[in-house]
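In: can't give you the sequence, but here's the structure:
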């Protein structure tokens, strides 16, 4: 696919828009791609969640953080360059049977935010009441506000209180009026996902967690990204059986 746009959203956070052939019909919120960097030195592909889809325009949008040599190289790649993309991969969030009357909650933080952007839009399109709670270290690192506000209610937290609630997302949710959510979707670091598991364990809400994991192949061959079920009887591959799992079954 060809890069048609690349911009910095926040310090070290970039949005890249790719144009070209892609299996748009099979992609859904929570799916990801494995991106091959334009340099033979970097043999392993990088997994990046899909943040937006535009099938009519034949574009996908990815958001990534520059954390090492590989993502630095991606950030330096010019508009017009061609990138090799493997995907869409993963199971995505289960939204096929979501009803328009449902009250749903999305929870995320940091680089766990991008897949929730596409999910919020999809759930709004179904008629759901969507609430999104996201957290960042500080106001300068915030991105995605408009996308979430356009698709429902946004609850925002920063660790230093520079914008929104001061504290983490779990503390923010604790200040909110009691609500009955039919489904809770979350993506982010394990600490955030564990908070969601604990907070909603005693409710009737269906819980779906999108796990972040280092991946080598993205297609289940190397088994380098396994996660265990809570009963310990089965290991599941994040890249194939995931990245989205039933939050009442998976052990973090």
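Out: Okay, I see it. These figures come from a predicted structure and were not determined experimentally.
In: For the rest of this, base every contact and every neighbour count on C-alpha atoms.
Out: Noted.
In: list the buried ones in stretch 63-81?
Out: Buried residues in stretch 63-81, counted by 16 or more other CA atoms under 10 Å: 63-65, 70-71, 74-75, 77.
In: among those residues, which are in helices?
Out: 70-71, 74-75 (DSSP state H).
In: Return the member of those residues nearest to residue 133.
Out: Minimum distance to residue 133 across these is 27.0 Å, recorded for residue 71 (CA to CA).
In: now, among the ones in helices among the buried residues of stretch 63-81, which is nearest to residue 135?
Out: Nearest to residue 135 among those, with distances taken as CA to CA, is residue 71, at 22.7 Å.
In: give me every residue that touches that closest one.
Out: 64-65 (CA atoms under 8 Å, 6 or more residues apart in numbering).
In: ok, residue 91 to residue 209 distance?
Out: As for residue 91, its distance to residue 209 is 12 Å (criterion: CA to CA, to the nearest Å).
In: could I get the ones in helices among the buried residues of stretch 63-81 as TSV with distance to residue 120 and pLDDT?
Out: Output for these, formatted as TSV (distance: CA to CA, whole Å; pLDDT from 0 to 100):
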residue	distance to residue 120	pLDDT
70	29	84
71	26	89
74	27	91
75	26	92
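In: Tell me the one among those nearest to residue 111.
Out: When these are ranked by distance to residue 111 (CA to CA), residue 71 comes first, at 13.4 Å.
In: For residue 99, see how far away the closest one is.
Out: To residue 99, residue 71 is 39 Å away according to CA to CA.
In: So which residue is dead centre in this protein?
Out: By CA atoms, centre = their mean, the mean C-alpha position of the chain lies nearest to residue 115, the distance being 2.8 Å.
In: Can you classify it by secondary structure?
Out: helix (DSSP: H, G, I helix; E, B strand; the rest coil).
In: In contact with it, which residues?
Out: 29-31, 49-51, 187.
In: hmm, 7 Å instead?
Out: With contact set as CA atoms under 7 Å, 6 or more residues apart in numbering, residue 115 has these partners: 29-30, 49-51.
In: Same question for residue 162.
Out: Residues in contact with residue 162 (CA under 7 Å, 6+ apart) are 138-139.
In: Wasn't it part of a strand?
Out: No. Residue 162: not assigned to a strand; according to three-state DSSP it is coil.
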